[in-house]
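*Asks:* Prediction below, plus the sequence it came from.
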Amino acid sequence: MTDTLIVTGGAGFIGSNYVRLALAETDAQVVVLDKLTYAGNLESLEEVRTHPRFHFEMVDICDRGAIDQIFRAYSPTAVLNFAAESHVDRSIDSPGTFVETNLVGTFNLLDVSKRHVGERSHAARESFRFLHVSTDEVYGSLGDTGAFLEDTPYAPNSPYSASKAGADHLVRSYFETFDLPCLITNCSNNYGPFHFPEKLIPLMILNALDGKPLPIYGDGGNIRDWLYVEDHCRGIHQVLESGRPGEKYNIGGNNERTNLQIVDTICDELDARAPASKNAVLIERGIGSYRDLKTFVADRPGHDRRYAIDATKIRNELGWEPLHNLETGLAATVQWFLDNREWCGAVQAGSDMRQRLGLADDAK
């Protein structure tokens, strides 16, 4: 029997990359569920929308009735939950939205999955998988050394990470209480093709090309472990195929850099591929290098200082390894954005994606 994968948030950044991978490398039917907010866009799925194994349902995972109907219509063999409000700055401005989507939405998916599995044969119940895609931010902030392990205590510091932490706990509870075959992955910062323009790396690329300031929070010393999105998606698929139900797997790129180092590297890649000396906007302003656009701005509230993932478990148990280091991944990412300005314009149309968000009320 052909597998049927329900992929929630499949029109988003990581989800759309996973959908392309699943269609290219498996025989599964892929059913994308997405409510197409600002961060979910069918432009990101344009190349697969006519694929015979691709199906799309415009739905909000908070709509329990709609989710139930979709499960009955497609009878999935697995659910991969990418759907999430994911921008920390937006969670500071509107935390309620994050609680609804990330917590209530995940509950709906779990509960409908429990009902669905209960109606299946024993073999179908045993083979079903619910894979919840989460973040390293649930663990809080690290000091100068060490890395997050799967058993690191949770200590979320933003409404976004708190809502994701709550969802992780719900997923675990449905395995422990109801024996629903669940898996959790916690990833480090993703980057790569189809990354939405409000996030650090695409924001810096697009602002630099437009001659706009490159805003860097605080002193630029916040450290993140960067993971190329296609490597992440392969890791997720290996967990889906071979992970042990009830387990969680950290997926990281082993590429720690400060935000300032990331911005400098992007500027250098742009100078090599689209030189500032040939950028009409910069020439008009007398700016000779993209690095000259760097601007330090007030830090955001609750900004975690450092994240780092220990991915030993997924390497040892499932044989996963990232194929990209930061240098090759960033070079490919910068070139992708240079080659896909039309996509960037389409997903930004009428939005505030490149405006500063996440200021505390007393700082506005």
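*Replies:* Arrived safely, thanks for sending.
*Asks:* From here on, just use CA atoms for contacts and neighbour counts.
*Replies:* Noted.
*Asks:* Need the distance between the two termini of stretch 127-139.
*Replies:* The distance separating the two terminal residues of stretch 127-139, taken as CA to CA, to the nearest Å, comes to 30 Å.
*Asks:* Return the distance of that stretch from the chain's centre.
*Replies:* The gap between the average C-alpha position of stretch 127-139 and the chain average comes to 12 Å, counting by CA atoms, centre = their mean, to the nearest Å.
*Asks:* what residues does that stretch touch?
*Replies:* For stretch 127-139, the external contacting residues (CA atoms under 8 Å, 6 or more residues apart in numbering) are 77-82, 110, 113, 117, 148, 152-157, 161-162, 164-165, 168, 171, 180-188, 240, 245, 250, 307-309.
*Asks:* from those residues, which ones fall inside strands?
*Replies:* Secondary-structure check on the contacts of stretch 127-139 using DSSP state E: residues within strands are 78-81, 182-187, 250.
*Asks:* if we can go back for a sec, buried subset of the contacts of stretch 127-139?
*Replies:* For the contacts of stretch 127-139, a neighbour count by 16 or more other CA atoms under 10 Å gives the buried set as 77-82, 110, 113, 117, 148, 154, 156-157, 161-162, 164-165, 168, 171, 180-188, 240, 245, 250, 307-309.
*Asks:* for the longest helix along the chain, which positions count as buried?
*Replies:* When the chain is parsed with DSSP state H, its longest helix is helix 159-178. Buried residues in helix 159-178, counted by 16+ other CA under 10 Å: 159-168, 170-175.
*Asks:* Residue 199: which of those residues is nearest?
*Replies:* Here the nearest of those to residue 199, counting by CA to CA, is residue 160; it sits at 14.3 Å.
*Asks:* Could I get the contacting residues of the closest one?
*Replies:* Counted by CA under 8 Å, 6+ apart, residue 160 has contacts 85-88, 91-92, 95, 98.
*Asks:* any chance of these in CSV, with pLDDT too?
*Replies:* Output for the contacts of residue 160, formatted as CSV (pLDDT from 0 to 100):
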residue, pLDDT
85, 90
86, 80
87, 78
88, 86
91, 90
92, 90
95, 94
98, 94
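*Asks:* Which of these fall in helices?
*Replies:* With helices identified by DSSP H, the entries of the contacts of residue 160 that belong to them are 88, 91-92, 95, 98.
*Asks:* Export the residues you listed to JSON lines and append columns for distance to residue 213 and neighbour count.
*Replies:* Listed next are the ones in helices among the contacts of residue 160 as JSON lines, based on distance: CA to CA, whole Å; neighbours: other CA atoms under 10 Å:
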{"residue": "88", "distance to residue 213": "21", "neighbour count": "24"}
{"residue": "91", "distance to residue 213": "23", "neighbour count": "22"}
{"residue": "92", "distance to residue 213": "23", "neighbour count": "21"}
{"residue": "95", "distance to residue 213": "27", "neighbour count": "18"}
{"residue": "98", "distance to residue 213": "29", "neighbour count": "25"}
